[in-house]
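Student: sharing a model prediction with you, sequence too.
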Amino acid sequence: MLKFDIEKQDGLARVGVIHTPHGDIRTPAFVGAATRATVKALTMQEMRALGSQAILANTYHLILRPGSELIQEAGGLANFSSWHGPTFTDSGGFQIFSLPNVKITENGVKFKSHIDGRNFEMTPESSMRDQWAIGADIHMAFDHLAKSDSYEDMKEAMERTHRWLDRCVTEHQRLAEGTTNRRFEAVRDNGSEIASEPRNDGRERSGPRTAYSCANRPMQYLYAVVQGGTFDDLRAESARYCASQSVDGFGIGGVFTADGMDTMLQLVNNILPEDKPRHLLGMGQEPIDLFIGAEYGCDTFDCVGPTRMARNGSLYTNDGRINIKNAKYIHDFTPLMPDCDCEYCKNYTRAYLHHLFKTDEITAKVLASIHNEHFVVHVTDRIRESLISGDFAAYKSEFLARYYHQ
Ligand SMILES: [Zn+2]
């Protein structure tokens with residue numbers, strides 16, 4: 001089982017440490033969205049420098065390109081991407097169900113690649129195999145996204161998600177046994193074994209690594225995904241079902257706005273076992289998501305929003321978001337946030353970033369992404385510190401009043 005130590009609790013909120021084979025995650029923590037094994041516009045070294053503790057990649061995108069086998073050949077996601085820290089993979093269900101012409105059966109989902117039209121089928125079993133090959137520390141079960149927000153569709157999707165969870169758990173356990181009793185797959189084309197390079201110490205290495213054998217691969221862990229949309233009875237049923245399974249933690253899916261998130265998380269997290277970590281899937285674009293998520297018992301968060309907004313020039317400040325492309329920043333030679341210690345705020349002015357956006361320089365997206373990712377990582381870090389020191393409520397009201405001008 002994945003080791004998770006809770007150091008402090010305050011109601012449903014908790015401060016803890018998730019111990020993964022690639023290092024520890026001090027929670028609550030914001031996890032960087034590295035959809036295609038990269039956080040858009042940022043290097044992994046920049047991610048580490050801005051304080052990120054973990055990344056989350058997407059199985060759907062990675063099986064299309066470059067393929068899970070290639071990432072396995074490279075020694076797994078951490079080696080391939082040079083992110084030598086904790087890693088998650090989402091199953092990709094969310095993206096697949098959003099594609100046109102998806103054929104859904106009880107067995108799984110058939111779809112065409114949006115890149116080259118190739119036919120793919122993803123089943124709970126193949127999702128587990130692909131996630132094992134990609135080699136993240138923490139995997140998400142393959143879940144079924146509802147066709148609509150209606151109760152009937154939500155119930156159908158939840159029930160299938162539960163049936164698929166059973167199959168994910170079985171396949172995950174079969175693959176887990178493989179790591180301890182046999183060597184498999186990681187051999188070069190000529191049949192020679194690839195040098196073993198297990199990585200269990202959590203420290204950063206320099207330079208590219210060779211791939212390592214699967215026999216020495218660290219253990220990988222599975223999270224069930226709680227569904228049920230906005231319906232209390234379905235959320236409760238899904239939380240109970242997921243809690244009854246032999247899994248290492250929980251993803252909470254299908255949450256799209258902060259409206260009603262507090263009551264839903266209270267319901268779900270009062271049912272889920274306390275001693276396993278909980279990941280709020282796809283939330284964190286709005287800082288209030290992080291406060292509500294942490295307050296009601298979530299340990300980690302991921303969202304593509306901060307870097308996506310950055311690429312459009314929309315930047316977080318303590319006084320709310322601004323658009324740096326606005327003409328009022330042409331002559332603004334001050335840092336964006338004087339008290340931010342990201343590489344952009346420490347070294348450049350608003351006027352300079354405005355100029356980079358106006359001239360469509362690549363560096364504009366880099367600097368903006370550094371700042372936005374740094375902002376959400378550090379707000380979450382500050383939430384953790386405030387839970388430890390006991391001033392979470394004060395920090396929350398002060399932050400939200402200033403940010404949202406309440
Ligand atoms: Zn900054």
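Tutor: Cool, got the structure.
Student: which residues touch the worst-scoring helix or strand of the chain on mean pLDDT?
Tutor: Every helix and strand of the chain was ranked by mean pLDDT, DSSP states H and E. The lowest is helix 93-97, at a mean of 88. Outside helix 93-97, the residues that touch it by CB atoms under 8 Å, 6 or more residues apart in numbering are 58, 60-61, 102, 104, 109, 111, 122, 127, 142-145, 253, 281-282. From N, CA and C alone the C-beta is placed, and that goes for glycine too.
Student: just give me the closest of those residues to residue 2.
Tutor: When the contacts of helix 93-97 are compared for distance to residue 2 (CB to CB), residue 281 wins out at 17.1 Å.
Student: contacting residues around the closest one?
Tutor: Shown in contact with residue 281 (CB under 8 Å, 6+ apart): 90, 94, 140, 225, 251, 252, 253, 254, 255, 302.
Student: at 6 Å instead, please
Tutor: 251, 253 (CB atoms under 6 Å, 6 or more residues apart in numbering).
Student: centre of the chain to the least confident helix or strand of the chain, how far?
Tutor: With CA atoms, centre = their mean, to the nearest Å as the basis, the distance from the averaged C-alpha position of helix 93-97 to the chain average is 15 Å.
Student: please apply the same query to stretch 12-28.
Tutor: Here stretch 12-28 is found 14 Å from its chain centre; the criterion is CA atoms, centre = their mean.
Student: how about stretch 363-379?
Tutor: Counting by CA atoms, centre = their mean, stretch 363-379 comes out at 16 Å from the chain centroid.
Student: if I look at residue 8, how far off is the ion?
Tutor: Residue 8 sits 28 Å away from the ion, going by CB to the ion, to the nearest Å.
Student: same question but for residue 300, I mixed them up
Tutor: Applying CB to the ion, the value for residue 300 to the ion is 22 Å.
Student: tally of neighbours for that residue?
Tutor: Using other CB atoms under 10 Å, residue 300 has 29 neighbouring residues.
Student: could you find the closest non-adjacent residue to it?
Tutor: residue 279 (4.6 Å; CB to CB, 6 or more residues apart in numbering).
Student: quick revisit: can you tell me which of the contacts of helix 93-97 are in helices?
Tutor: Counting by DSSP state H, the contacts of helix 93-97 place 60, 61, 127 in helices.
Student: residue farthest from the centroid of the protein?
Tutor: When distances to the mean C-alpha position of the chain are computed (CA atoms, centre = their mean), the maximum falls on residue 331, with 37.6 Å.
Student: rounded mean pLDDT for the longest helix seen in the chain, please.
Tutor: Counting by DSSP H, the longest helix found in the chain is helix 151-181. Averaged across helix 151-181, pLDDT comes to 91.
Student: returning to what we had before: and the least confident helix or strand of the chain, C-alpha only, in CSV?
Tutor: What follows is helix 93-97, C-alpha atoms only, in CSV (Å, rounded to 0.1, in the frame of the first residue of the first chain):
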residue,chain,number,x,y,z
GLY,A,93,-11.0,8.5,-19.9
PHE,A,94,-12.1,12.2,-19.7
GLN,A,95,-10.4,13.0,-23.0
ILE,A,96,-11.5,9.9,-24.8
PHE,A,97,-15.2,10.4,-23.9
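Student: pLDDT below threshold where in the stretch 101-250 of the chain?
Tutor: Filtered on pLDDT under 70, the stretch 101-250 of the chain yields the residue ranges 179-217.
Student: now do 50
Tutor: 180-215 (pLDDT under 50).
Student: got the contact list for the closest residue to the ion within the stretch 1-150 of the chain?
Tutor: For the stretch 1-150 of the chain, the residue closest to the ion is residue 50, as judged by CB to the ion, at 8.7 Å. Going by CB under 6 Å, 6+ apart, residue 50 touches 342, 370, 373, 374.
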